[in-house]
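In: structure of the sequence below:
(2 chains)
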Amino acid sequence: MSVNVPTNNKERCDFALEDLYNVYDPEVGLNVVDLGLIYQLDFNEEEKILDATMTLTTEFCPMGESITSDVTQSLTYSFPEWQIHVNLTFDPPWNYTMISPEGNKFLGR
Amino acid sequence: MMSPLMGGLQKTTNYRVVLPFYIYASVSFLVATVLLFLHTNIFEHHYFYPYTLAITHTLALGWGTMTILGASHQLLPVLVEGKLDSDALAYLTFIFTAIGIPVLIVGFYIFQTGWLMQTGASLVNIGVLFYVINVFSSSFKSKRRNVHAWYVITASLWLFSTTFFGLLLVFNFNNDILPEDSLSYLSIHAHLGLVGWFLLLVIGVGSRLIPMFLISKYTNPKGLWWIFGLINAGLVSFIVFKVWGLSPLSYYFSVALILIAIALFARHCIKAYKVRIRRNVDEQMKTALISVLQMLLPFVALIVVLALLPVDQHPNIVLLYGFCILLGWITAIILAMTFKTLPFIVWNKVYHKKAHKGKTPVPKELFSEKVYHAMLIVYLAGFVVFIFGIIFINEITLKTGAVALLAAAVLYVYNTGKTLFHQPKKL
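Out: Next up is the predicted model:
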């Protein structure tokens, strides 16, 4: 794993990312982590709330509903006792510099 | 424990709304190529001929329009940055057009200019009217309207103009409601549809989707507004020149405007391609990009038509022009875009909410790449052979080309069916 997602709990974040690596943008064929769609994962230990902040490659992505739903499902699978809040943001908008080196390699760049 | 998603997310159009259009269109493509095979002798006749009208409308309405109606219902949220306003209107659009189109085509085929053609044309118009209402209500409920939204809004109005004018032409067969006979207005009717509906919508959708699929950050709304203006100006000027009865030489002005628009769109695609993030471009995208260049072919044919006027002495060149558009770039772009959009719609239906169970197949695994490839080869071969057949009016060449196009349609239907009936893989 070479992606650094900002978090307040590195251990839990890595655990979440393990499953998120299996969530793919079906058009690109690349997982959401290497694509740079996951902006932040914050864990509220007291209230057992996971706040995931993510984006999409474009605001009106036709697969947006599917991708965000899959991220929610994946996090629920990783943390079944937790409340999962997926926050979709376009600030900052996604750009290609957010793709990981592995992602770039996959895209042939 | 899941909670609702926070932040704005566009709702995807219900697949039940979209899929019937795709199924209908694929059957229409097959029917059109069968008719083409059975009636290759139409190229020996004037273009105002029952079988020619039947085949043209099977391609233009059953194949082209129904595919584009399906795709545009699916893509409307992307284009207008809002949701499809009414599923019910979309279903009504399908029902009325799906019934109206074959009634109209049978009317042309047996050339029954009375109730049969009139009923078919009326039903098509009702269906299109529902579509226009849906496009307007979806667009104007959205907070903002970008250039792509104006393309689809304007194209929907041109579509209605085409079908409504077509309805007037049908009634004009038996009642003198227009100053001249229906044949005199045929080129206006055809260009309303080809330029106003197909060209404008394909460019509006393509300019949005091509950069999206290539993951290209290239945007140029100002350039797209120029293209929009040029196409509309070209179409309106052509209608005005035609109605005023000006010399056919004046049509060069309209042709020039539209040619510039197509050249600008080709430039737009090339720029988006050059700065793409995704280096590996799939077959479907390559075909779509080639079809942009194919847009120029009909204009080459048109320039030949204009240069060789009077038209009535060269009806086969007019047919060549129509063939290059309907079975040329419109078909090429549909062949490519079907396998870019349909697998996503089916994938969303089948694999939605299953990602956590393991790696799902990617959408392009829902159809056979080999069959897709074979389809493209026989289609291109058929297209080229058929062009030679039209130019030289050679029956054997025409039949050979028609067989290849029919084979392409069979492969298309096979792959569409394979996608539609995809069963979820165990994850």
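In: next helix or strand past the one helix or strand in chain A whose mean pLDDT sits lowest?
Out: Lowest by mean pLDDT, DSSP states H and E among the helices and strands of chain A is strand A:24-25, with a mean of 86. Next along the chain after strand A:24-25, taking DSSP states H and E as the criterion, comes strand A:30-31.
In: in its sheet, what does that next one sit against?
Out: Here strand A:30-31 has these sheet partners by DSSP bridges: strand A:24-25 (antiparallel).
In: ok, and what's touching the partner strand?
Out: Outside strand A:24-25, the residues that touch it by Cβ atoms under 8 Å, 6 or more residues apart in numbering or on different chains are A:30-32, A:35, A:37, A:57, A:63, A:67, B:355, B:359-360, B:362. Every C-beta, even on glycine, is put in place using the N, C-alpha and C of the backbone.
In: quick one: contacts for the most centrally placed residue in chain B?
Out: Nearest to the mean C-alpha position of chain B, by Cα atoms, centre = their mean, lies residue B:64 at 3.7 Å. When contacts are counted by Cβ under 8 Å, 6+ apart, residue B:64 is found next to B:25, B:198, B:326, B:330-331, B:334.
In: and the gap between the closest residue to residue B:177 other than its chain neighbours and chain A?
Out: Of all residues not flanking residue B:177 in the chain, residue B:171 sits nearest, at 5.6 Å (Cβ to Cβ, 6 or more residues apart in numbering or on different chains). Distance, residue B:171 to chain A, by Cβ to the nearest Cβ, to the nearest Å: 41 Å.
In: residue B:181 now?
Out: Residue B:181 sits 46 Å away from chain A, going by Cβ to the nearest Cβ.
In: now do the contacts for the closest residue in space to residue A:96 that isn't next to it in sequence.
Out: Residue nearest to residue A:96 in three dimensions, not counting chain neighbours: residue B:277, with 4.5 Å by Cβ to Cβ, 6+ apart. Going by Cβ under 8 Å, 6+ apart, residue B:277 touches A:96, A:99, A:107, A:109, B:214-217.
In: with secondary structure, distance to residue B:281 and pLDDT as added columns, please give those in a markdown table.
Out: Formatted as a markdown table, the contacts of residue B:277 follow (DSSP: H, G, I helix; E, B strand; the rest coil; distance: Cβ to Cβ, whole Å; pLDDT from 0 to 100):
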| residue | secondary structure | distance to residue B:281 | pLDDT |
| --- | --- | --- | --- |
| A:96 | helix | 16 | 84 |
| A:99 | coil | 17 | 91 |
| A:107 | coil | 11 | 84 |
| A:109 | coil | 13 | 71 |
| B:214 | helix | 7 | 86 |
| B:215 | coil | 10 | 83 |
| B:216 | strand | 11 | 84 |
| B:217 | coil | 16 | 79 |
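In: right, and residue B:97 touches residue B:67 too?
Out: No: applying Cβ atoms under 8 Å as the test, residue B:97 and residue B:67 come out as separate, 11.9 Å apart.
In: quick one on the thing from earlier: what pLDDT is listed against the residue nearest to the centre of chain B?
Out: We have a pLDDT of 96 for residue B:64.
In: how much space between it and residue B:70?
Out: Counting by Cβ to Cβ, to the nearest Å, the separation of residue B:64 from residue B:70 is 11 Å.
In: so which helix or strand takes in residue B:99?
Out: Using DSSP H and E, the element containing residue B:99 is helix B:87-109.
In: returning to that earlier point: state the distance from the residue nearest to residue A:96 to residue B:336.
Out: On the measure of Cβ to Cβ, residue B:277 and residue B:336 end up 21 Å apart.
In: got it, and residue B:216?
Out: As judged by Cβ to Cβ, residue B:216 and residue B:336 stand 17 Å apart.
In: and if you look at residue A:11?
Out: 47 Å.
In: okay, those two: which has more neighbours?
Out: Neighbour count, other Cβ atoms under 10 Å in any protein chain shown: between residue A:11 and residue B:336, residue B:336 has more, with 22 against 9.
In: what's the next secondary structure element after the helix or strand harbouring that one?
Out: Element membership for residue B:336 (DSSP H and E) is helix B:331-351. Proceeding N to C from helix B:331-351, the next assigned helix or strand is helix B:369-392, under DSSP H and E.
In: state the next helix or strand along the chain beyond that next one.
Out: Sequence order places helix B:395-420 as the next helix or strand after helix B:369-392, per DSSP H and E.
In: just for chain A, where's the confidence low?
Out: Applying pLDDT under 70 to chain A flags the ranges A:1-2.
In: local confidence estimate at the residue nearest to residue A:96?
Out: The model reports residue B:277 with a pLDDT of 83.
In: so how far is residue B:128 from it?
Out: From residue B:277 across to residue B:128, the span is 38 Å (Cβ to Cβ).
In: let me know the secondary structure of residue B:203.
Out: Three-state assignment for residue B:203 (DSSP: H, G, I helix; E, B strand; the rest coil): helix.
In: got the buried residues for stretch B:102-111?
Out: Neighbour counts over stretch B:102-111 (16 or more other Cβ atoms under 10 Å in any protein chain shown) mark B:102-105, B:107-109 as buried.
In: reformat these as TSV; add distance to chain A and pLDDT.
Out: Listed next are the buried residues of stretch B:102-111 as TSV, based on distance: Cβ to the nearest Cβ, whole Å; pLDDT from 0 to 100:
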residue	distance to chain A	pLDDT
B:102	31	98
B:103	34	98
B:104	32	98
B:105	32	97
B:107	38	97
B:108	36	96
B:109	38	96
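In: which among these gets closest to residue B:151?
Out: Of all the buried residues of stretch B:102-111, residue B:151 sits closest to residue B:104, with 26.8 Å by Cβ to Cβ.
In: test my guess that residue B:257 contacts residue B:230.
Out: Yes: between residue B:257 and residue B:230 there is a contact under Cβ under 8 Å: 4.9 Å.
In: overlap in contacts of those two?
Out: Common neighbours of residue B:257 and residue B:230 (Cβ under 8 Å, 6+ apart) do not exist.
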